[in-house]
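Trainee: Task: produce atomic coordinates for the following.
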Amino acid sequence: MTPIAQWVEVGKRYGPLVAVEDVSLALRPGEVTALVGHNGAGKTTLIKLLLGLIRPSVGRVEVQGQNPAGRGGAQARRTLGFLPENVAFHGAMTAVELMAFYARLKGCAPAGNADLLARVGLAAAARRRVATYSKGMRQRLGIAQALIGEPRLLLFDEPTSGLDPASRVEVFDTIDSLRAGGATVLVSTHALAEVEQRVDRVAIMHRGHLLAAGTLAELRHGVRAEVRMQLRLRPQAAADVAARLPQGLRCTARAGGLAIELPRTRKMEVLHAIAGLGAEVEDVEIATPGLEALYRDLVEARGEAGVAA
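Mentor: Okay, the predicted model is just below:
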């Protein structure tokens, strides 16, 4: 499958400062990819490279087969939609006026702007001044302007920053609809738990390096992050159950049961042992490693302590 955009062995330096180094990553058509990592990991630098705002020090960047900062860059950039981290609009203008302004900048007719505002839930507020909008409404207006011209690649930089839980869900519902329509979406974020159930692939950045990229299942396969089991037991059964489980597990008695931490490779062994305990066990809950745990493991594997901020 030909990628819609890619970074190939890309590095970017500012004098002695290394922003990103040796990054190779492809964005596949029709997929949502999360670009995750702490602040300063290099996520925004990669987005600026795709937008053609900066050039790589080494390597190459392609959008639709074109260098976005080269001679063919203007055509490539017309296929992009961008939502910056900090959306800023002139408060005296209405959403209708702002959308018309951005449509002119993109060389697009404003005829479809009303549909875009309706798509993000702003039809009723379209003629209100943006100064009266909430943070969530301004973010949705930012998404609407990114959709002008029906771009096939959308770049969202921290799209849920500062939003309340309901507005966060609305943003990802919009991203889901874009994917369903065939668009490719890159979501840059440091909110790891928020994206893990809403994206197709994840690329993990840390201090300018790409630590890993793939589906969550692929990332779990490559690290040692542990599975957690919570057993609900009959009263006073915790000590007996712990003694009858396979050795080498970390077991902690909890109110009403037992918490177990184990390597992913031993999950089936432990489940077979639990099945043999009969009525002592009333229920079992299993939690596989989430994106935050995978991130910690990958960072620790490089000998660098730290968590996403």
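Trainee: Could you use CA atoms for every contact and neighbour count after this?
Mentor: OK.
Trainee: Between the two ends of stretch 120-136, what distance do you get?
Mentor: This stretch, stretch 120-136, spans 11 Å end to end (CA to CA, to the nearest Å).
Trainee: which residues touch residue 289?
Mentor: 220, 225-228 (CA atoms under 8 Å, 6 or more residues apart in numbering).
Trainee: That one falls within a helix, correct?
Mentor: No. Assessed with DSSP: H, G, I helix; E, B strand; the rest coil, residue 289 is coil; it does not lie in a helix.
Trainee: how near is it to residue 33?
Mentor: 19 Å.
Trainee: quick one on the thing from earlier: could you list which of the contacts of residue 289 belong to helices?
Mentor: Secondary structure defined by DSSP state H assigns residue 220 of the contacts of residue 289 to helices.
Trainee: Flag whichever of the contacts of residue 289 scores worst on pLDDT.
Mentor: Here the lowest pLDDT out of those sits on residue 225, with 65.
Trainee: so where do the strands sit in the stretch 51-200 of the chain?
Mentor: Across the stretch 51-200 of the chain, reading from the start of the chain, the strands by DSSP state E, counting those that start in this stretch fall at 58-63, 80-83, 153-157, 184-189.
Trainee: Let me have those in JSON lines, extended by mean neighbour count, mean pLDDT and distance to residue 198.
Mentor: As requested, the strands of the stretch 51-200 of the chain are arranged in JSON lines below (neighbours: other CA atoms under 10 Å; pLDDT from 0 to 100; distance: least, CA to CA, whole Å):
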{"stretch": "strand 58-63", "mean neighbour count": "21", "mean pLDDT": "96", "distance to residue 198": "24"}
{"stretch": "strand 80-83", "mean neighbour count": "22", "mean pLDDT": "94", "distance to residue 198": "18"}
{"stretch": "strand 153-157", "mean neighbour count": "24", "mean pLDDT": "95", "distance to residue 198": "14"}
{"stretch": "strand 184-189", "mean neighbour count": "25", "mean pLDDT": "95", "distance to residue 198": "10"}
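Trainee: Output the ones you listed in TSV, with distance to residue 141 appended to each entry.
Mentor: Output for the strands of the stretch 51-200 of the chain, formatted as TSV (distance: least, CA to CA, whole Å):
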stretch	distance to residue 141
strand 58-63	25
strand 80-83	10
strand 153-157	13
strand 184-189	17
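Trainee: what's the closest of these to residue 104?
Mentor: Among the strands of the stretch 51-200 of the chain, strand 80-83 comes nearest to residue 104, with 14.4 Å by CA to CA.
Trainee: and the closest one, what does it pack onto?
Mentor: Packed against strand 80-83 by the contact rule (3 or more CA pairs under 8 Å, 6 or more residues apart in numbering; DSSP states H and E) you find helix 135-146, strand 153-157.
Trainee: Tell me which of those sits nearest to residue 13.
Mentor: Each of the helices and strands packed on strand 80-83 was checked against residue 13 via CA to CA, and the shortest separation belongs to strand 153-157, namely 21.0 Å.
Trainee: Tell me the strands beside that closest one, with direction?
Mentor: Partner strands and pairing direction for strand 153-157 (DSSP bridges) are strand 80-83 (parallel), strand 184-189 (parallel).
Trainee: Distance to residue 149 added to these, as JSON lines?
Mentor: What follows is these, written out as JSON lines (distance: least, CA to CA, whole Å):
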{"stretch": "strand 80-83", "distance to residue 149": "8"}
{"stretch": "strand 184-189", "distance to residue 149": "14"}
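Trainee: if we compare those strands, which one ends up closest to residue 70?
Mentor: Of all those, strand 80-83 sits nearest to residue 70, with 15.3 Å by CA to CA.
Trainee: so which two of the contacts of residue 289 are the farthest from each other?
Mentor: Pairwise distances across the contacts of residue 289 peak at 13.7 Å for 220 and 228 (criterion: CA to CA).
Trainee: For the residue most central in space within the chain, grab phi and psi.
Mentor: The central residue of the chain, meaning the one whose C-alpha is nearest the mean C-alpha position (CA atoms, centre = their mean), is residue 34 at 2.8 Å. Dihedral pair for residue 34: phi -100, psi 130, per degrees, to the nearest 10.
Trainee: what's the most buried one of the helices and strands packed on strand 80-83?
Mentor: Each of the helices and strands packed on strand 80-83 was assessed for mean neighbour count using mean count of other CA atoms under 10 Å. The highest is strand 153-157, with a mean of 24.
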